[in-house]
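[1] Okay, sequence plus prediction incoming.
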Amino acid sequence: MSFRATVLTLYPEMFPGHLGASLAGKAMERGQWSLDTLQIRDFATDRHRTVDDTPAGGGAGMVLKPDVLARAIDHACENDRRPRLLMSPRGRPLTQARVRELATGEGVVIVCGRFEGVDQRVIDGRNLEEVSIGDYILSGGEPAALTLLDAIVRILPGVMGNDLSGLHESFENGLLEHPHYTRPQEWEGSEIPSVLTSGNHGAIAKWQKQEALRLTKERRPDLLEQLEKEKMSTKG
């Protein structure tokens, strides 16, 4: 069974984008995953193919109409159990744990918002899970959808040349990843840490963990706080 992604968008020409190249592109060619796009505008019923309207209560910008978007979602999700995601800056932050959950399923249906947002009634009525990739605003949901799919596809079975490659990356164990080095041994007066060329795998593993802890403490202390909370809840 291959992973199926369906993206609802006003700009289907933005896909597959970078996902058509490198490992993701080769995996698509092999049939390990597929990507379909639906043009939301195709589900408008007026001759102007209108997909948005002014926000109730006033305010700047436009809002995607619930009737049009709901028809698009219903078409994409008929007899379909895949999670329905809406890329939104107000959604829950995307985590590696959620990426792994999604990667184990049949696929995803992703709605890409535009303008000021999506009518809340279609979010509620079609059970859309709002997902954020960061605390910043993009021009639309398409770049966020590409990022989400990139994170998922790369960990699908057989996509990476070495399935162990993803096990020691940032966020996989709650920490940032340790530093990496490769030949030449000496470069611009700086050498590879001697422990990494010692052949002592126990010492190497210890160094990697210490460095991961050091970097996480310096750059993302919030991750360490979260790990501590999880430990306390487990003990409780």
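    Good, I have the coordinates.
[2] For this structure, list the residue farthest from the centre, please.
    Farthest-out residue of the chain from its mean C-alpha position, per CA atoms, centre = their mean: residue 189, at 38.7 Å.
[3] any idea how far it is from residue 183?
    To residue 183, residue 189 is 16 Å away according to CB to CB, to the nearest Å. Glycine gets a C-beta too; all of them are placed from N, C-alpha and C.
[4] Over to residue 61?
    Note on residue 61: its distance to residue 183, by CB to CB, is 53 Å.
[5] Sketch out the low-pLDDT regions of this protein for me.
    The model of the chain has pLDDT under 70 over residues 161-170, 236.
[6] Show me how far the lengthiest helix in it is from its chain's centre.
    Looking across the chain with DSSP state H, the single longest helix is helix 201-219. Centroid displacement of helix 201-219 relative to its chain, using CA atoms, centre = their mean, to the nearest Å, is 26 Å.
[7] what element comes up after that helix heading to the C-terminus?
    Later in the chain than helix 201-219, the nearest helix or strand by DSSP states H and E is helix 221-235.
[8] and that following helix with helix 201-219, angle?
    Interaxial angle, helix 221-235 versus helix 201-219 (axes from the mean of the first three to the mean of the last three CA atoms, to 10 degrees): 110 degrees.
[9] List the buried residues of helix 221-235.
    Of the residues in helix 221-235, residue 223 count as buried by neighbour count, 16 or more other CB atoms under 10 Å.
[10] Surely residue 91 and residue 134 touch.
    No - look at residue 91 against residue 134 with CB atoms under 8 Å: they stay out of range, at 10.5 Å.
[11] what residues are up against residue 15?
    Residues in contact with residue 15 (CB atoms under 8 Å, 6 or more residues apart in numbering) are 7, 9, 35, 37, 142, 145-146.
[12] quick one: which of those residues is nearest residue 98?
    Nearest to residue 98 among these is residue 145, at 14.5 Å by CB to CB.
[13] so that closest one touches residue 112, yeah?
    Yes - applying CB under 8 Å as the test, residue 145 and residue 112 come out as touching, 5.4 Å apart.
[14] Need the residues touching each of these two.
    Counting by CB under 8 Å, 6+ apart, the shared contacts of residue 145 and residue 112 are 7, 9, 87.
[15] is it true that the first one touches residue 107?
    No - between residue 7 and residue 107 there is no contact, the gap being 10.9 Å when judged by CB under 8 Å.
[16] These two: who's more crowded?
    residue 7 (27 against 22; other CB atoms under 10 Å).
[17] Then the more buried one would be within a helix, right?
    No - going by DSSP: H, G, I helix; E, B strand; the rest coil, the assignment for residue 7 is strand, not a helix.
[18] What's opposite it in the beta bridge?
    As for beta bridges, residue 7 partners with residue 37, residue 110 under DSSP bridges.
[19] Contacts only, for it.
    15, 35-38, 109-110, 112, 142, 145.
[20] Name the SS class of residue 25, please.
    Per three-state DSSP, residue 25 ends up helix.
[21] try residue 19
    helix.
[22] That one and residue 28 touch, don't they?
    Yes - counting by CB under 8 Å, residue 19 does reach residue 28; the two are 7.3 Å apart.
[23] okay, and the common contacts of these two?
    Common contacts of residue 19 and residue 28, defined by CB under 8 Å, 6+ apart, comprise residue 35.
[24] Backbone dihedrals for residue 99, please?
    Dihedral pair for residue 99: phi -60, psi -40, per degrees, to the nearest 10.
[25] Now it: closest residue in space, sequence neighbours ignored.
    Leaving aside its sequence neighbours, residue 99 sits nearest to residue 151 (CB to CB, 6 or more residues apart in numbering; 4.6 Å).
[26] Then residue 213?
    Nearest residue to residue 213 in three dimensions, chain neighbours excluded: residue 175, at 6.5 Å (CB to CB, 6+ apart).
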